[in-house]
Structures are given as C-alpha cells and as structure tokens.
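Kindly generate the corresponding structure for this input.
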Amino acid sequence: MALTALVGCGADGGPTDASPKPKPDATATAPTSVRLPPLHAGFDYQIGGAYRPPSGVRVVSRDRAASPAPGLYNVCYVNAFQAQPSERGKWPADLLLRDARGKVVIDRDWDEPLLDIGTAAKRERVAARVNRWIDGCAAKGFDAVEPDNYDSYTRSRHLLTAQDATAFVRLLSAHAHARHLAIAQKNTVELAGVRKKAGLDFAVAEECGAYDECGAYAKAFDDRVLVIEYTDSGLRKARSGYGGRLSIVRRDVLVSTPGSTDYIRRTR
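As a prediction, this is how the structure comes out:
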C-alpha cells in the first residue's frame, strides 16, 4: 500500500538523473553485517507519520523522509515500484509504464503511475533512483528497507511479469545488503517461495490474517514477519493463528498519527 497523500518524498527531493547507476552485474547476494528484525516483537507501522512509539514496541516502520526511532529496530519505507503522484514529473517519461496507446498505466487505488521495469536496461535505471533513497535510509541509521508495491505487476495489464518484479527487487536487495541494510518483501504472497532467489530477508505483510496468508509468509520467512491488519476481524484471525509467533499490529488504513480522528492502533 502506498500512501500518496501522507507519505512525502525524501529529503533528497526525489529522483534525479544524476543518480549513479548500479553495476550491470548487480545481483542479490547473501547479506553481510545485516541485522534482522527480532522475532515476535512489539511492532508499530508509522509510514503515514512518525510519532513516539508506544510502550513495548521494538520494531517500527517509517517513511524514508522520517528519522529512525532511537533504540528500536527501524524499517525504512520506500515506494519502489510506483511513483508518488507528486513525483510523477520527476521521472523520465520512458520510465513510466505505458500501454499500447502510449497512456501511462495507473494504480487507481492510489493514483500512482507504475514504473516500467520490463527490460534489464530500464530496471537498472529505475533501481539507480530507488537505490539513492536506500542510501538515504542507510545514512539516517535505519536497519532495513521496505520497498513497496512489489506486486505492481499484477496491476500492469499484463505488461509486466513476476519475473520482471523479481529481477528488479534483486537489484534493490544487492544494494541494500551492500549498505548493511536488511530488506523486506512487501506483500506479494505468491512470490514468497522465491524470496531467497530475490535476496529478501523478512516480510511486511498487510492483512495476511484477513486473507489467510500469514502461514505462507511464516513458512517462507521462518516467522520473521511484520503483520499489519486494518480490521478488528483481521487482527483476531492473525492473532488466533500466529499471535505467539509473528509481530502483529492493527492500524487504521490511512496509518494516521495520534490525535487524528482516524487513528487506530491495537495489538489485541
């Protein structure tokens, strides 16, 4: 899920053509000096705005524009497979996915253009820009990165494939590991079985309780899964099956901050 209205671009001002390109032979590698999130830990999902983590939280995910929470395990959110609406004009026109008529393919839920990762050359160009954000996460002191919209190929009108997505995330994994960051698989349960090939270390799963997917993530990632549910029923299902194994939190769908009328955060 990408929060177009709430998640701002990073302090670097968005992608620029000056971003260095990754080496052409960049591939996912075994992480070195990478710290993984603790198992079955208190978790808060703050990608809609940073605030003081509640008592008992040990893991927090925040947008790349925010700073890490001192003393906790911090995951850095980046919108890696789609463009924020406010940043659309900062991307070269040929890196926005287009249909046969030349129209940009949009994720209508969030009004986000899909990025074109359909060729090796374009994957490298898109990765160079996203990797600049990953560098920013590392420089701020985050422990891990969460590249969102891995499943964007399912919204691409068959213009992109699962193989394209996996090849692209391998570039991000290699770069994250080189910066001593762990990297998460965001959703996309259908690709959990290839997570080692993709170089992914843990999972961030939205509504796996609601959709009966928590078991698949737990198996693929050895229980190293951060779960966000957006309904009370989803929270109950996630906790009933995996409450003693996974890191689970209930948030409001806008992932708002305390003081907002929409704010919800529960673990029970």
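
For the residue lying farthest from the centre of the chain, give its distance to residue 73.
In the chain, counting by C-alpha atoms, centre = their mean, residue 101 sits farthest out from the average C-alpha position, at 30.2 Å. Applying C-beta to C-beta, to the nearest Å, the value for residue 101 to residue 73 is 46 Å. All C-beta atoms are positioned from the backbone trio N, CA, C, and that covers glycine.

Repeat that for residue 158.
From residue 158 to residue 73 the distance is 38 Å (C-beta to C-beta).

neighbour count winner among those two?
residue 73 (23 against 7; other C-beta atoms under 10 Å).

mind listing the strands for the stretch 51-200 of the chain?
57-63, 73-79, 106-107, 112-113, 144-148, 182-186 (DSSP state E, counting those that start in this stretch).

Identify the single longest helix in this structure, thanks.
helix 120-140 (DSSP state H).

Extract the C-alpha set from that helix and format it as CSV.
The C-alpha atoms that make up helix 120-140 are tabulated as CSV, following Å, rounded to 0.1, in the frame of the first residue of the first chain:
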residue,chain,number,x,y,z
ALA,A,120,17.0,-5.1,-17.9
ALA,A,121,18.1,-1.6,-19.0
LYS,A,122,15.0,0.1,-17.5
ARG,A,123,15.3,-2.0,-14.3
GLU,A,124,18.8,-0.6,-13.9
ARG,A,125,17.7,3.0,-14.4
VAL,A,126,14.8,2.7,-12.0
ALA,A,127,17.0,0.9,-9.5
ALA,A,128,19.6,3.7,-9.6
ARG,A,129,17.0,6.1,-8.5
VAL,A,130,15.4,3.9,-5.8
ASN,A,131,18.9,3.0,-4.6
ARG,A,132,19.6,6.6,-3.9
TRP,A,133,16.7,6.6,-1.5
ILE,A,134,18.1,3.4,0.1
ASP,A,135,21.4,5.2,0.5
GLY,A,136,19.5,7.9,2.4
CYS,A,137,17.9,5.3,4.7
ALA,A,138,21.3,3.9,5.5
ALA,A,139,22.7,7.3,6.1
LYS,A,140,19.9,8.1,8.6
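
Right, I'll call it a day here.
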